[in-house]
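[1] Provided below are the primary sequence and the corresponding predicted coordinates.
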Amino acid sequence: MVPLLFFDTISLVSLSDYNCRLINDLETDTLCRDMYREHSRYGPILKSCRHFADWLLTSSGDTVNCAEMAQNLQKLATLLSRRQSMSSSRVKSTKPITIMIKLAKIPNLTELTYRSIKQNLLDGTLGELSRLTEESLATQLGISKSPVREALNRLEAEGLVCIEPRRGAYVRQFSAKEIRDLYELREILEVHSIDAANVTPKLLNDLAASINRTKKFLKDGNKLEHIEEDMRFHAMITAATGNEELCRVLENIQQKALLCRSKSYELSATTAPVAHMKIYQALKKETRREARLAMREHIVFVRERLLASFRTSS
């Protein structure tokens, strides 16, 4: 009688070819990988193999075939025993294995859509009062309308796009009065920030690094990065005041003035690193009066160039 434990283990495999095929599979590690993932399962199989081998050696019938099958099963038991030992050593190992590489953060589709539309707004591809239909933008970008809708809502919150019932979305157009109002408010708040800022070595290092990035973006002709770095320079000084409301108000003004900054890029971009360097050096020397003057001159210069350009185009 064949031991039942053996049939429980291989009940779906015929005895005529099981012994040889199983050994071959074990030698190529196929069956062990597919069937015996946990080393604890080898124990019952080992016991079955040995019992069945003993039964074959004492059974009647074809003595040659029985002896061959018994020999194969003993070989199988040896292979399984070796495999069990290897698995046990792996399970007991506590050494951490690092095989994964940390993935870089990838912007989602809405973020990519937002940046693409914003880039076209700032470089003038989408001019003032240009209509921005979800269907047209989605077709041009090769995406669905959902991320376009979310991007337009975000741009509306930043003051770059207007969305009206029945008219839809369109690029905002600033009047001369709006430009003057925005820059006058910027002047008052940013000059105040110079006085209120807590100037630390870290702030000075960050400002110096920002100036270097501005020079690089200017040299590379990277308009969007240049504008955003310019905003970052001013935002760092404001943040150093520790006044969260002041930061919020100035950020709102900066966002609304982005389209104006797009125009001012052509008019005054080359002067930004020089103006920022004056502010930085005055703060480094701890001469607040000089820093306030440098900040005021910087903002007034950009405002006047913008207004002059506005009057010319009108």
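    Ah, there it is.

[2] please make it C-alpha for all contacts and neighbour counts, starting now.
    OK.

[3] okay, and the helix or strand of this protein with the least pLDDT?
    Within the chain, no helix or strand scores below helix 4-10, which has a mean of 37 by mean pLDDT, DSSP states H and E.

[4] and Ile179, what's its pLDDT?
    What the model reports for Ile179 is a pLDDT of 86.

[5] quick one: what helix or strand has it in it?
    Using DSSP states H and E, Ile179 sits within helix 176-196.

[6] kindly format the C-alpha coordinates of that helix as CSV.
    C-alpha atoms of helix 176-196 as CSV (Å, rounded to 0.1, in the frame of the first residue of the first chain):
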residue,chain,number,x,y,z
ALA,A,176,-2.5,100.9,-16.6
LYS,A,177,-4.2,101.7,-13.3
GLU,A,178,-4.1,98.0,-12.2
ILE,A,179,-0.4,97.9,-13.0
ARG,A,180,0.3,101.1,-11.0
ASP,A,181,-1.9,99.9,-8.1
LEU,A,182,-0.1,96.5,-7.9
TYR,A,183,3.4,97.9,-8.0
GLU,A,184,2.7,100.7,-5.5
LEU,A,185,1.4,98.1,-3.0
ARG,A,186,4.4,95.9,-3.7
GLU,A,187,6.7,98.8,-3.0
ILE,A,188,5.1,99.6,0.3
LEU,A,189,5.1,96.0,1.6
GLU,A,190,8.5,94.9,0.3
VAL,A,191,10.3,98.0,1.7
HIS,A,192,8.6,97.2,5.0
SER,A,193,9.8,93.6,4.7
ILE,A,194,13.4,94.9,4.5
ASP,A,195,13.0,96.5,7.9
ALA,A,196,11.2,93.6,9.5
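
[7] which other helices and strands does it contact?
    Contact here means 3 or more CA pairs under 8 Å, 6 or more residues apart in numbering; DSSP states H and E; on that basis helix 176-196 packs against helix 223-239, helix 244-256, helix 288-313.

[8] ok and the shortest one relative to helix 176-196, angle-wise?
    With axes from the mean of the first three to the mean of the last three CA atoms, to 10 degrees as the basis, helix 244-256 and helix 176-196 are set at 140 degrees to each other.

[9] which strands or helices does helix 244-256 pack on?
    Contact here means 3+ CA pairs under 8 Å, 6+ apart; on that basis helix 244-256 packs against helix 176-196, helix 223-239.

[10] could you identify the helix or strand that succeeds the longest one?
    As assigned by DSSP H and E, the chain's next helix or strand after helix 176-196 is helix 201-220.

[11] so for that following helix, mean pLDDT?
    Average pLDDT, helix 201-220: 94.

[12] need the contact partners of it.
    Contacts with helix 201-220, where a contact means CA atoms under 8 Å, 6 or more residues apart in numbering, come from 223, 225-226, 229-230, 232-233, 236-237, 240, 269-270, 272-273, 276-277, 280, 283-284.

[13] domain-wise, how is the chain divided?
    For the chain, automatic domain parsing gives the domain ranges 4-92, 109-171, 176-313.

[14] could you tell me the least trusted of those domains?
    Mean pLDDT is lowest for domain 4-92 out of the domains of the chain, coming in at a mean of 48.
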